[in-house]
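1. what follows is a protein structure lacking sequence information:
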C-alpha cells in the first residue's frame with residue numbers, strides 16, 4: 001500500500017504534506033529533479049506516526065520516487081507532484097505568443113510589410129514566413145502538451161485545443 005497519493009496537487013508553494021508512517025516502517029522519499037532524499041523513520045515505533053514533508057517546487061512538475069521498508073520487505077512507488085499555477089501561467093503565456101505570431105503572419109501575408117515585434121525575448125524583424133510558421137508550430141505543440149497534462153488527456157485522443165492554421169501562399173509571378 002502506497003503511503004502517498006499517486007498525484008499530489010500543490011495548493012501553495014511551499015506546501016506541508018502530512019504523511020502517516022505505519023509502525024516498524026521507514027519511508028524514503030527521493031526528489032528525482034534535485035536528487036535530494038528524505039527518510040521518515042518509524043522503525044522503532046509501535047504505533048503509526050505522523051511526519052510533515054515540505055514540498056517546494058520551482059518547476060511545474062516533480063516525480064517523487066519512494067521506497068517503503070517494512071518488516072524486512074521493501075516496495076517502491078512513485079508520486080507525481082503538480083503545481084497547477086505554473087502550468088496555467090505558462091499555458092496563458094503560450095496562447096498569447098501564438099496569437100502575436102498569428103498577427104505577424106497575417107500582416108506578412110497581407111502585404112509583406114516590414115515589422116518589428118518582440119515575442120518571448122526574441123525580436124523578430126522581417127522573419128521569413130517559413131520561420132514564423134515553424135515558430136508557431138513549436139509553441140502550439142508545447143501548448144497542447146500542457147493542455148493535455150492539465151486535463152489528464154492524451155494529445156492523440158483529441159486533447160489538442162489549438163489547431164494548426166493553413167497559410168495560402170500566392171504563386172510566383174501572380175498579382176494579388
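-> That came through fine. In this text the structure is predicted, and so the values were computed from the model without any measurement.

2. alpha carbons only for contacts and neighbour counts from here, please
-> Will do.

3. longest helix in the chain, please.
-> Taking DSSP state H as the criterion, the chain has its longest helix at helix 84-111.

4. any idea how far that helix is from the chain center?
-> 18 Å (Cα atoms, centre = their mean, to the nearest Å).

5. how about residue 47, secondary structure?
-> Following DSSP: H, G, I helix; E, B strand; the rest coil, we place residue 47 in the coil state.

6. the helices in this protein, which residues?
-> Using DSSP H, helices in the chain cover 84-111, 129-151.

7. measure how the shortest one sits relative to helix 84-111, angle-wise.
-> When you say that, I think you mean helix 129-151. 150 degrees (axes from the mean of the first three to the mean of the last three Cα atoms, to 10 degrees).

8. mind listing what's buried in helix 129-151?
-> Residues of helix 129-151 classed as buried under the neighbour-count rule (16 or more other Cα atoms under 10 Å) are 129, 132-133, 136-137, 139-141, 143-149.

9. now swap in the first one and tell me
-> Judged by neighbour count (16+ other Cα under 10 Å), helix 84-111 contains these buried residues: 84, 87, 90-91, 94-95, 97-98, 100-102, 104-105, 108.
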